[in-house]
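Engineer: next come a sequence and a model predicted from it.
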There are 2 protein chains.
Amino acid sequence: MSRGWETIRADVLRRIQAREWGPGATIPTEEALSREFGCARATVSRALRDLAAAGVLERRRKAGTRVALAPVRRATLDIPLIRQEVERRGQSYSYRLLRDAVEVPPLPVSLHLRLPPQVPLRRLICLHFAGDQPFIHEDRWLNPAVIGGLRPDFAGQSANAWLVANVPFASGDITFCAEAATAADAAALSVPVGTPLFVVDRTTWTAQAAITRVRLAYAPGYRMHTTL
Amino acid sequence: MSRGWETIRADVLRRIQAREWGPGATIPTEEALSREFGCARATVSRALRDLAAAGVLERRRKAGTRVALAPVRRATLDIPLIRQEVERRGQSYSYRLLRDAVEVPPLPVSLHLRLPPQVPLRRLICLHFAGDQPFIHEDRWLNPAVIGGLRPDFAGQSANAWLVANVPFASGDITFCAEAATAADAAALSVPVGTPLFVVDRTTWTAQAAITRVRLAYAPGYRMHTTL
DNA sequence: TACACCGATATGTCTGCACATAATCCCGCC
DNA sequence: GGCGGGATTATGTGCAGACATATCGGTGTA
């Protein structure tokens, strides 16, 4: 009858979009659909599981499978390495280290990393270039307990590349927001103080402890894009 | 030996994070792993497929399964309905319609919707409140071909709610960026012109045609958050 | 040397079956 | 009428086997 679970997924999605099964409605059981499509239940299950992962369906044991009420719900966005993002635009990537120091971080940083206040951390500030234009102003705090002391050598790599290659990464969180350019941002990116900048704050963790907190301030005009 | 494919996924992930299999390395075949874990190949396959979907592994027929070079790569973020987002903060939601007109959109909007220039569209501008504070300034263009003419009645619902309930949605794209508050943003959100605002541009499509393009300007301080 | 072809191989998918698990439904009891 | 507990039921997971398909690598030929 069909040629694989993707065909079934497409057909179920078509019926939902055609309002054959409206939002909130319960759709037929896997067993009924497998009879209709002339395939094994596992094949139907695969298709429905995929739609559930995409947020189109909601499934519960015994209760059955329902069409989600709010279809526009979940987006996956790729977070490329900065170097790759620049090179994908056909520009050459480079970066310059602006500062490498050991400092006591501001209280919010200590708290977010779940470290005691007043503990000094290594702070790296650098500037990423796309061609000869400044692209991202990066301000990073590193936990010395994870990277093996306050002043290890990254062997010529950027801190990010070194971390990716050397520290087992377990989890993290990201926030996106708009901020006015600080004096440091303004100087680094060659824009007036107060210019709206797209800012990403990222914290990563091993299973036990915080690894790093980084703030990325993108040059004006940056747009993060994804499809649904 | 184990208690399900999630155990296997966890163990494979652990070995990757422990650098037992470093970035770029090829891991054992499904068949070898199934022997090691004492389970069926399908069970290992399930675990590895899931890790591949999360961006941790890369798989190719015959070539085998490799550890991805850049592990921090994919984030899924939930895009709640505005009403739900406000209510989750424990504030009461309301909205006010500021404008409902038929206008010729600016050229970039026509192009992005893949409509001929100079075709008039319905434009709705409204303001979403969290409690008594303005939260989002929304500027929406609607394709009359999809909503059944230039001036249908949304029966008291917000345009978004009406669309979710009545128009079969197929695909879309989203961009996030930082913009300076326009005069209209400033008046609506009660902030000075030029204030950095987090802006979301969303376009949705049926299988055939564009449905709507909407620009959401969030009040200052908004942060979009997700975990990895 | 360069290219076309072909076998080997790892993943991709499907089937048919079985049992586990969660949640609902309904029956019987108080 | 209200409530507790067990039967029912739809999904979740697992297994063994089979075939499909992409692709890597090597072999033979122009």
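Structural biologist: Great, that's in hand. Numbering: from 1, shown residues only, chains lettered A, B, ... in the order given.
Engineer: tell me where chain A has strands.
Structural biologist: Residue ranges of the strands in chain A, as given by DSSP state E, are A:26-27, A:57-60, A:64-67, A:74-78, A:93-103, A:121-130, A:133-142, A:171-180, A:196-205, A:210-218, A:223-227.
Engineer: strands paired with the third one, and their directions?
Structural biologist: For strand A:64-67, the pairing partners within the sheet under DSSP bridges are strand A:26-27 (antiparallel), strand A:57-60 (antiparallel).
Engineer: what about the last one, distance to the chain center?
Structural biologist: Yep, that's strand A:57-60 we're talking about. Distance of strand A:57-60 from its chain centroid, counting by Cα atoms, centre = their mean, to the nearest Å, is 25 Å.
Engineer: anything in that strand sitting right up against DNA strand C?
Structural biologist: Yes. Strand A:57-60 comes into contact with DNA strand C (Cβ under 7 Å from any atom of the strand), by way of residue A:60. To be clear about C-beta, it is placed using only N, CA and C from the backbone, and glycine gets the same treatment.
Engineer: neighbouring contacts of that strand?
Structural biologist: By Cβ atoms under 8 Å, 6 or more residues apart in numbering or on different chains, the surrounding residues in contact with strand A:57-60 are A:27, A:48-49, A:51-52, A:65-68.
Engineer: circling back to that earlier point, dump the strands paired with strand A:64-67 into CSV; add mean pLDDT as well.
Structural biologist: Output for those, formatted as CSV (pLDDT from 0 to 100):
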stretch, mean pLDDT
strand A:26-27, 94
strand A:57-60, 94
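Engineer: mind putting those strands into a markdown table with distance to residue B:210 and mean neighbour count?
Structural biologist: Below are the strands paired with strand A:64-67 laid out as a markdown table (distance: least, Cβ to Cβ, whole Å; neighbours: other Cβ atoms under 10 Å in any protein chain shown):
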| stretch | distance to residue B:210 | mean neighbour count |
| --- | --- | --- |
| strand A:26-27 | 28 | 16 |
| strand A:57-60 | 25 | 15 |
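Engineer: quick one: contacts for residue A:21?
Structural biologist: Contacts of residue A:21 by Cβ under 8 Å, 6+ apart are A:15, A:27, A:67.
Engineer: can you pull the residues of chain A lying near DNA strand D?
Structural biologist: Going by Cβ under 7 Å from any atom of the strand, the residues of chain A near DNA strand D are A:29-31, A:41-42, A:45, A:48-49, A:52, A:59-62, A:64-65.
Engineer: tell me the buried residues within the residues you listed.
Structural biologist: Buried members of these, counted by 16 or more other Cβ atoms under 10 Å in any protein chain shown: A:30, A:45, A:48-49, A:65.
Engineer: quick check: closest non-adjacent residue to residue A:113.
Structural biologist: Nearest residue to residue A:113, sequence neighbours excluded (Cβ to Cβ, 6 or more residues apart in numbering or on different chains): residue A:210, at 3.9 Å.
Engineer: roughly how far apart are that neighbour and DNA strand D?
Structural biologist: 31 Å (Cβ to the nearest atom of the strand, to the nearest Å).
Engineer: bridged to that residue, which residues?
Structural biologist: Going by DSSP bridges, residue A:210 forms beta bridges with residue A:205.
Engineer: my guess is it contacts residue A:141. True?
Structural biologist: No. Under the criterion of Cβ atoms under 8 Å, residue A:210 is not in contact with residue A:141, lying 9.1 Å apart.
Engineer: okay, and the common contacts of those two?
Structural biologist: Shared contacts of residue A:210 and residue A:141, counting by Cβ under 8 Å, 6+ apart, come down to residue A:113.
Engineer: what's the residue nearest to the spatial centre of chain A sitting at in phi/psi?
Structural biologist: Nearest to the mean C-alpha position of chain A, by Cα atoms, centre = their mean, lies residue A:79 at 5.1 Å. According to degrees, to the nearest 10, the main-chain angles of residue A:79 amount to phi -110, psi 90.
Engineer: quick check: it vs DNA strand C, distance?
Structural biologist: In terms of Cβ to the nearest atom of the strand, residue A:79 sits 23 Å off from DNA strand C.
Engineer: just checking, that residue touches residue B:75?
Structural biologist: Yes. With contacts counted by Cβ under 8 Å, residue A:79 reaches residue B:75, the gap being 6.0 Å.
Engineer: common neighbours of the two, please.
Structural biologist: Here residue A:79 and residue B:75 share the contacting residues residue A:174, scored by Cβ under 8 Å, 6+ apart.
Engineer: who are the packing partners of the worst-scoring helix or strand of chain A on mean pLDDT?
Structural biologist: When the helices and strands of chain A are scored by mean pLDDT, DSSP states H and E, helix A:159-166 comes last with a mean of 71. For helix A:159-166, the elements it packs on are strand A:133-142, strand A:210-218, judged by 3 or more Cβ pairs under 8 Å, 6 or more residues apart in numbering or on different chains; DSSP states H and E.
Engineer: got those strands as a markdown table, with mean neighbour count and distance to residue B:113 columns?
Structural biologist: Converted to a markdown table, these look like this (neighbours: other Cβ atoms under 10 Å in any protein chain shown; distance: least, Cβ to Cβ, whole Å):
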| stretch | mean neighbour count | distance to residue B:113 |
| --- | --- | --- |
| strand A:133-142 | 22 | 30 |
| strand A:210-218 | 22 | 27 |
